[in-house]
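# Sequence and predicted model, in that order:
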Amino acid sequence: MNGDSLVRPEWSRVRLAYFLSAPASFLILLIYVLPILAVFMISFTDYSLVYDGFSFVGLDNYKQMFTDRHFLTALQNTLIYAAIFIPGAFVLPLVLAIAIQRRRRFRSILEVLYFMPVTSTLTAMTLVWRALLDSNQGAINNLLVGLGFGKVNWLGDGDVVLISIAMVSVWGVIGFNMVLFLAGLTAIPKNLYEAASIDGADHPLDRFFQVTWPLLAPTALFVSVNTLVTAFKLFDTVAVLTRGGPDRASEVYLYLAYLEGFENFNMAYACALSLVFLTVLFLVAWLQTRLGDRRRTHA
Amino acid sequence: MSDIALSQPQPGFLGFLVSLKPRSLADAIGTCLLFLGAWLVLFPFVWMLSASLKPANEVYDSEFSFWPETFMGGVNYYGVLFEQPYLTFLANSFIVCIGILIVQLITAVPVAYALAKLKFKGKSILFGFVVASLTIPINVTSIPIYLGLVEFGLLDTYFSLMFPFFVSVFAIFLFRQFFRDYPDSIIDAARVDGFSEIEIILRLILPAAVPALAAFSVFSVVAHWNDLYWPLIVVQSQNKMTAALSMLQYQSDFDNDYGRTFASATVVTLPMVIIFLFARRLFIRSITMTGVKG
């Protein structure tokens, strides 16, 4: 190889790199960068699709949040929902993964069965849940009455509705998180358990705390962050199950932002809500990288 | 499993039984509990299937029986598919999912290769944008994109349903990881042999990346088949309604025939369940691969 033919491919390879990157870069600009800048700009105006013209209002949209009763309700609902949803969506899949992983005979069939809700169309299955949770004739209240308990107004009682929605969401996410935990568990070398057993850790709980938990930490971190973000992103279930009702008791953050933007056409206020939401997401992502510096990725 | 010998020293079948024995009762109970839990998880599907075979007045019977007294399955499914526009809804979802996937693959593969294997100015800035965009959900960018589509008169079109997903930063990130692990020595050897970069992508990298491409495809199709948020914003007519969005119609008095309602829910859910049963491993890989993200 002489020098000339080494230089030329190098140069044409750079041109090729730009050529290969151009379509995606253009689309990232159009779909992410410009819209985010626009959201930022619009959030300082009083723009609304239904009126002509707009003016800059400074931080008014952000100040409005602190006095907006609906915003504070939505924030509170989201946090309550997250507090119910996250423990269930973390612990149940972890227990299931540990229980299933050791089984050789039934492992794959159990994996398939628990995974089914993840593949299903949540809007359709939420319709089914609405029927199951029906306060008068739903299967769940029928069962409760049959067992001698009273009926629960799952979707009509403001104190219960977030629990009902969390229940449906946990049902939908069990298989997803379980598969992540299974991948993490499978990556733990078997000989570590043997070593622990030689050191006297024979009890299953000892094995869990001395071997499984420390080695599962990266997976656990990933699952918790993922579950946290999923909790904040709750939208579909609310839209199909309750539409925020009864009396805004299940109106969560993204549902409020949707209503403000696309039902009330308060685009500017909705943009401010979106930006606050994005800030939270970035904070979570930043925290994840900080916590996960030593983390090794699986798969 | 060669290392089992350590924990199970007894040889032969008898030894195997002995080693199994102390745990077997707890094991049996555990297995029963696991299947009981699985039954609870599956019950909504069973109930849906059962309701879809029933006449409206049997759906909410207090005594649940899987098989209906009056079998209405044929009537219900016929009604959904041929009297209601469900074939259109399914076709719309199919067109949107496939359209999105094709464009996503075409845009992600080249840039992922450039980011993984080529040196060029601005590479780290571009990658920074990709990583930052991973955190941005459609819920945040929806208003400007919607306004743009309104401006160009594009609402209620297939294009509007697909446009925000034409580039998947997740796909770029995933494929870049995958391509980076491809040995440079093979690429250099191919260059010496006179392969062009395009040939290297098409004949060496792509075949090696099939597992990642397939897993991402499953991930993408499922996500967009099930998406509610964006179709809710841009769809205005029954002509462009997607299957997942159609489920929202039942909040109003779209259909009082409960049997037929759940036949439609079954029809909407079935395609993804079938794909799952046939491509179980891909599905699971598509999820464990998300573990790479972030």
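Thanks, I have the structure now.

# if you average pLDDT over stretch B:120-131, what comes out?
When pLDDT is averaged along stretch B:120-131, the result is 93.

# Hmm, I typed the wrong one, I wanted stretch A:193-208.
79.

# Endpoint to endpoint, it covers what distance?
End-to-end span of stretch A:193-208 (C-alpha to C-alpha, to the nearest Å): 9 Å.

# same thing with stretch B:205-215?
16 Å.

# how about it against chain A, any contact?
No. Against chain A, stretch B:205-215 shows no contacts by C-beta under 8 Å from any C-beta of the partner chain, the least distance being 9.4 Å. In this view, the C-beta of every residue, glycine as well, is placed from N, C-alpha and C.

# any idea of the mean pLDDT in that stretch?
So the average pLDDT for stretch B:205-215 ends up being 89.

# What lies in contact with that stretch?
B:105, B:109, B:113, B:174-175, B:178-179, B:182, B:279, B:282, B:285-286, B:289 (C-beta atoms under 8 Å, 6 or more residues apart in numbering or on different chains).

# now with 10 Å?
Residues from elsewhere that reach stretch B:205-215 (C-beta atoms under 10 Å, 6 or more residues apart in numbering or on different chains): A:299, B:105, B:108-109, B:112-113, B:116-117, B:171, B:174-175, B:177-179, B:181-183, B:186-187, B:190, B:197, B:200-201, B:216, B:279, B:281-290, B:292.

# domain assignment for the chain?
Picking chain A for this. A:1-38, A:68-291 (automatic domain parsing).

# not quite, I wanted chain B
B:4-76, B:79-292.

# Using TSV, lay out those domains together with mean neighbour count.
Output for these, formatted as TSV (neighbours: other C-beta atoms under 10 Å in any protein chain shown):
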stretch	mean neighbour count
domain B:4-76	14
domain B:79-292	19
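
# Which among those domains is found nearest to A:D46?
Among the domains of chain B, the nearest to A:D46 by C-beta to C-beta is domain B:79-292 (14.1 Å).

# now the closest one, how far from the centre of its chain.
9 Å (C-alpha atoms, centre = their mean, to the nearest Å).

# quick one, phi/psi of the spatially most central residue of chain B?
With distances taken as C-alpha atoms, centre = their mean, B:V222 lies nearest the centre of chain B, 2.3 Å away. Note on B:V222: its backbone torsions stand at phi -60, psi -40 [degrees, to the nearest 10].

# Does the nearest residue in space to it that is not next to it in sequence fall in a helix, a strand, or a coil region?
Residue nearest to B:V222 in three dimensions, not counting chain neighbours: B:M272, with 5.7 Å by C-beta to C-beta, 6 or more residues apart in numbering or on different chains. Under DSSP: H, G, I helix; E, B strand; the rest coil, B:M272 falls in the helix class.

# correct me, but B:M272 touches A:V118?
Yes. Between B:M272 and A:V118 there is a contact at 9.5 Å, judged by C-beta atoms under 10 Å.

# Kindly point out which residues are neighbours of both of those two.
Both B:M272 and A:V118 are in contact with B:222, B:226, B:283, where contact means C-beta under 10 Å, 6+ apart.

# show me what contacts the second one?
Residues touching B:N226, when contacts are defined by C-beta under 10 Å, 6+ apart, comprise A:118-125, A:236, B:93, B:97, B:242-244, B:268-269, B:272.

# burial count for the nearest residue to it once chain neighbours are set aside?
Using C-beta to C-beta, 6+ apart and skipping the chain neighbours, the partner closest in space to B:N226 is A:T121 (4.9 Å). Applying other C-beta atoms under 10 Å in any protein chain shown, we find 25 residues neighbouring A:T121.

# A:T121 contacts B:W225, correct?
Yes. Proximity of A:T121 to B:W225 meets the contact threshold set by C-beta under 10 Å, at 6.7 Å.

# so what sits against both of these two?
With C-beta under 10 Å, 6+ apart as the test, A:T121 and B:W225 both reach B:93, B:243-244, B:268-269, B:271-272.

# Secondary structure and pLDDT for the residues you listed - can I get that in JSON lines?
Formatted as JSON lines, these follow (DSSP: H, G, I helix; E, B strand; the rest coil; pLDDT from 0 to 100):
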{"residue": "B:S93", "secondary structure": "helix", "pLDDT": "95"}
{"residue": "B:A243", "secondary structure": "helix", "pLDDT": "92"}
{"residue": "B:A244", "secondary structure": "helix", "pLDDT": "92"}
{"residue": "B:V268", "secondary structure": "helix", "pLDDT": "93"}
{"residue": "B:T269", "secondary structure": "helix", "pLDDT": "93"}
{"residue": "B:P271", "secondary structure": "helix", "pLDDT": "92"}
{"residue": "B:M272", "secondary structure": "helix", "pLDDT": "90"}
